[in-house]
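Novice: Pasting a predicted model and its sequence here:
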Amino acid sequence: MKNIRILISGLCLLTIFSVSAFAQQKSLYERLGGQPAISAVVDDFAQNVLGDARVNKKFAKSDPTRLVTNLKAFVCMATGGPCRYTGLDMKTSHKNMGVTAGEFTALVEDLVKTLDKFKVPDAEKNELLGALAGLKGDIVESESSATGTALPANFKPAPPLGEKGAPAAAHAAPSAAPKTGSLYDRLGGMPAISAVVDEFAGNVLADNRINKKFARSDATRLVTNLKDFVCNATGGPCQYNGLDMKTAHKHMRVTTGEFNALVEDLVKALDKFNVGEREKSDLLGALAGLKGDIVKSKYDTSATGTELPSKFKPAPPLGSAKGSKAMKKSKK
């Protein structure tokens with residue numbers, strides 16, 4: 001029970017700090033430069049992918065016009081823009097494609113190449129890459145590192161745009177009226193946040209890729225800080241006095257692979273509770289933007305399940321002399 005509460009608190013704290021960071025800036029759509037910039041990035045990305053022998057076989061049967069049009073609308077909507085995506089969901093559109101983990105990595109590299117070409121700032125670049133990482137579970141059907149694999153015969157692509165029987169195309173259009181109020185209200189308040197956190201904790205508890213990192217944290221401190229932070233960061237009536245992200249993760253040696261595992265576990269929880277695309281994108285994008293405070297460059301590896309270093313010093317339990325002193329310092 002103690003471990004469960006530790007995971008609920010510690011891992012979700014990552015998400016909550018992300019919400020706080022996001023609340024202080026414009027939407028990713030605006031920071032990227034709006035539809036013209038997104039359109040240019042998608043066009044270049046598509047060219048990279050179609051010219052990449054590591055992955056282009058997977059799109060041999062797809063209609064290029066539908067693919068690019070849908071992708072532009074999807075990115076516009078997912079980044080907070082005024083677009084409506086009416087294409088297939090990621091899992092359905094990639095069903096029976098047989099995409100491997102190696103081919104997914106190739107896609108990521110092709111996107112990085114495009115983002116670097118257009119000199120997209122690191123913050124926005126990390127948010128986009130983080131959002132893509134969160135979709136890995138819906139795209140990859142094989143954990144093989146192989147690339148350039150053939151498209152399975154049983155894959156059925158959507159018909160070209162305009163053809164009879166084709167599903168609705170993705171297109172840019174005014175979206176439905178968004179939920180109003182603070183993110184706290186839009187998420188459903190504390191009952192909804194608590195449900196997602198519980199589910200997220202269950203996912204992580206069973207995930208050997210990351211759970212070792214929270215073995216020595218004080219459950220009471222984490223739970224108390226988490227509740228205050230979630231409420232405060234999303235616009236609720238609370239005050240948070242805990243540690244900042246960089247300090248909280250000092251000496252934990254979290255790897256890129258473990259960070260990605262956290263993202264995937266969070267996506268599973270958000271999808272289970274049908275969290276809106278706008279709120280989901282905000283949370284995932286902001287979390288990606290904080291990767292630099294969680295993962296040091298020298299631990300930028302795909303390794304997972306690594307041990308918690310002996311020199312990691314968790315915050316003292318609440319109520320102890322050291323714990324009270326630490327909380328007072330954090331308020332300054």
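Specialist: Cool, the structure landed.
Novice: center of the protein - which residue?
Specialist: Leu284 (3.3 Å; C-alpha atoms, centre = their mean).
Novice: did I read that right, that one in a helix?
Specialist: Yes. Read with DSSP: H, G, I helix; E, B strand; the rest coil, Leu284 is one of the residues of a helix.
Novice: For Asp43, give its distance to Gly242.
Specialist: 44 Å (C-beta to C-beta, to the nearest Å). (C-beta placed from N, C-alpha, C; glycine too.)
Novice: The residue nearest to the centre of the chain and Leu132 touch, don't they?
Specialist: No. Using C-beta atoms under 8 Å, Leu284 makes no contact with Leu132, being 9.6 Å away.
Novice: what about Lys117, how many neighbours?
Specialist: 13 (other C-beta atoms under 10 Å).
Novice: same check, this time on the one 4 residues further on
Specialist: In terms of burial, Pro121 registers 11 neighbours under the definition other C-beta under 10 Å.
Novice: Which residue comes closest to it once chain neighbours are left out?
Specialist: Spatially, and ignoring its direct neighbours in sequence, Pro121 is nearest to Arg31 (7.9 Å; C-beta to C-beta, 6 or more residues apart in numbering).
Novice: Which of the helices or strands spans that neighbour?
Specialist: helix 28-32 (DSSP states H and E).
Novice: quick one: buried residues of that helix?
Specialist: Leu28, Tyr29, Arg31, Leu32 (16 or more other C-beta atoms under 10 Å).
Novice: With pLDDT as added columns, please give those residues in TSV.
Specialist: Below are these laid out as TSV (pLDDT from 0 to 100):
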residue	pLDDT
Leu28	84
Tyr29	85
Arg31	87
Leu32	89
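Novice: More neighbours: which of Asp43 and Gly242?
Specialist: Gly242 (21 against 14).
Novice: Pass me the low-pLDDT residue ranges in the stretch 201-332 of the chain, would you?
Specialist: 217-234, 236, 238, 240, 245, 282-283, 285-289, 315-332 (pLDDT under 70).
Novice: Could you pull out the helices in it for me?
Specialist: 219-233, 245-248, 256-272, 277-289, 291-294, 321-331 (DSSP state H, counting those that start in this stretch).
Novice: for the fifth one, packing partners?
Specialist: Same thing as helix 291-294. Helices and strands touching helix 291-294, by 3 or more C-beta pairs under 8 Å, 6 or more residues apart in numbering; DSSP states H and E, are helix 122-134, helix 245-248, helix 256-272.
Novice: would a markdown table of the ones you listed with distance to Asp63 and mean neighbour count be doable?
Specialist: A markdown table is the format used below for these (distance: least, C-beta to C-beta, whole Å; neighbours: other C-beta atoms under 10 Å):
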| stretch | distance to Asp63 | mean neighbour count |
| --- | --- | --- |
| helix 122-134 | 22 | 20 |
| helix 245-248 | 43 | 15 |
| helix 256-272 | 27 | 21 |
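Novice: now those in TSV, with distance to Ile294?
Specialist: Below are these laid out as TSV (distance: least, C-beta to C-beta, whole Å):
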stretch	distance to Ile294
helix 122-134	11
helix 245-248	6
helix 256-272	6
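Novice: Relative to Thr149, which of the ones you listed is closest?
Specialist: helix 122-134 (19.8 Å; C-beta to C-beta).
Novice: where's Leu129 relative to Leu28, distance?
Specialist: Applying C-beta to C-beta to Leu129 and Leu28 gives a distance of 12 Å.
Novice: Equivalent analysis for Lys313, please.
Specialist: 35 Å.
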